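[1] below are the sequence and a predicted model for it; my questions follow.
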Amino acid sequence: MIASALLLCGYASKSLLFPRLPALIKLEQDKPSINASEGHQDFTMQDLLNLAESSLHHLSQQLVDYTARFEKIESDTNHQQMDKTVIRLKTQTRFRSPTLDAPRRIYMNFSEPSSIRGREVIWRQDLYDGKMAVHEPGFLLSLKTIWLDPNGFLAMQGQKHPISEIGIVKLTEQLLEKGKQDLGNPNLTIHLQIDHIYDDRATHLITITKNPTVHIEGDYQKAEVVFDPERNVVLAFRSYAAPELPSDPPQLIESYSYHDLQMNVGLTESDFDVTNAEYGFP
């Protein structure tokens, strides 16, 4: 994919465009049904692009803000898997204005790994000269708010993505970008599982597998997308590199997942203010 911040990653017509349907966005009453008893279905890259386009359109019409638990696992440049990062996330989207370009706001509170538990980050696209406010745990560091360039060296230390690329909207956009690159690729297969359980919800698991004999260095061999058809939203993306030995499992490249998603909860300016008394910013 895809697929953040100081030690972080990455962001729907109400219809779901299922296999073999044209790319035209359907109205909710026209949404086709899938026979759940079939369990599995074939899928194409065009189907996946249709689904992502539908989801993005829906989000642009419906999603003002949301909260979630964001989990991220990435591999470093030496292909070593880094510790899982878990973040309580608050986000206001650009879709909250009629022109769909409102300044985005993001608040993050880190709970894992334990070494950075309690870290807080606020980024407001149009304020603070574009810098993000960082509150670090610990006696001395906690006494001062640190202001960092989101794309600067310190903020990007060990990161694949800046904070501006976090969220379910960006995740969907990145899925579209990667899918278009693979459109027409004859060396991949896509499989749809419609009864995948994710956080006690019935979701779709879309698995993309590339022919291991036609491998490109740096490319993924396998990717997985979790899609919630009821809310028309992409919830997770994972990609894997080809293993060093055929008998080994694929190596995780990156995993981004959103849990406990609550949409349009009425977030306000105070949720993205360093003076908020509920936060730990000095």
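    Yep, it's here. Since the model is a prediction, treat every value here as computed from it, not as a measurement. Residues are numbered from 1 along each chain as shown.
[2] quick one, helices of the protein?
    45-62, 168-182 (DSSP state H).
[3] need these in TSV (columns: mean pLDDT and mean neighbour count).
    C-beta coordinates here come from the backbone N, C-alpha and C atoms, glycine included. Shown next, in TSV, are those (pLDDT from 0 to 100; neighbours: other C-beta atoms under 10 Å):
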stretch	mean pLDDT	mean neighbour count
helix 45-62	95	21
helix 168-182	94	21
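[4] what's the closest of these to residue 126?
    The closest of the helices of the chain to residue 126 is helix 168-182. By C-beta to C-beta, the value is 17.1 Å.
[5] the residue nearest the centre of the chain and residue 248, how far apart?
    Nearest to the geometric centre of the chain sits residue 171, at 3.8 Å (C-alpha atoms, centre = their mean). Computed as C-beta to C-beta, to the nearest Å, the residue 171 to residue 248 distance reads 28 Å.
[6] out of the helices of the chain, nearest to residue 104?
    Of all these, helix 168-182 sits nearest to residue 104, with 8.8 Å by C-beta to C-beta.
[7] now the angle from that closest one to helix 45-62?
    On the basis of axes from the mean of the first three to the mean of the last three C-alpha atoms, to 10 degrees, helix 168-182 is oriented at 160 degrees to helix 45-62.
[8] for helix 168-182, list the C-alpha coordinates in PDB.
    Output of helix 168-182 as PDB, limited to C-alpha atoms (Å, rounded to 0.1, in the frame of the first residue of the first chain):
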ATOM      1  CA  ILE A 168      -9.200   6.200   7.200                       C
ATOM      2  CA  VAL A 169      -9.600   8.700   4.400                       C
ATOM      3  CA  LYS A 170      -5.900   8.700   3.500                       C
ATOM      4  CA  LEU A 171      -5.900   4.900   3.900                       C
ATOM      5  CA  THR A 172      -8.600   4.700   1.200                       C
ATOM      6  CA  GLU A 173      -6.800   7.100  -1.100                       C
ATOM      7  CA  GLN A 174      -3.600   5.200  -0.800                       C
ATOM      8  CA  LEU A 175      -5.400   1.900  -1.500                       C
ATOM      9  CA  LEU A 176      -6.800   3.500  -4.700                       C
ATOM     10  CA  GLU A 177      -3.300   4.700  -5.700                       C
ATOM     11  CA  LYS A 178      -1.700   1.300  -5.200                       C
ATOM     12  CA  GLY A 179      -4.600  -0.500  -6.900                       C
ATOM     13  CA  LYS A 180      -4.400   1.700 -10.000                       C
ATOM     14  CA  GLN A 181      -0.700   0.800 -10.300                       C
ATOM     15  CA  ASP A 182      -1.600  -2.900 -10.300                       C
END
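[9] switch to numbering from 40
    Got it, the first residue is 40 from now on, which makes the last one we talked about helix 207-221.
[10] now do it: which elements does it pack against?
    Packing partners of helix 207-221 (3 or more C-beta pairs under 8 Å, 6 or more residues apart in numbering; DSSP states H and E): helix 84-101, strand 272-280, strand 290-302.
[11] wait, isn't residue 112 in contact with residue 290?
    No: the criterion here is C-beta atoms under 8 Å, and residue 112 misses it with residue 290 at 11.8 Å.
[12] and for those two, which residues touch both?
    residue 120 (C-beta atoms under 8 Å, 6 or more residues apart in numbering).
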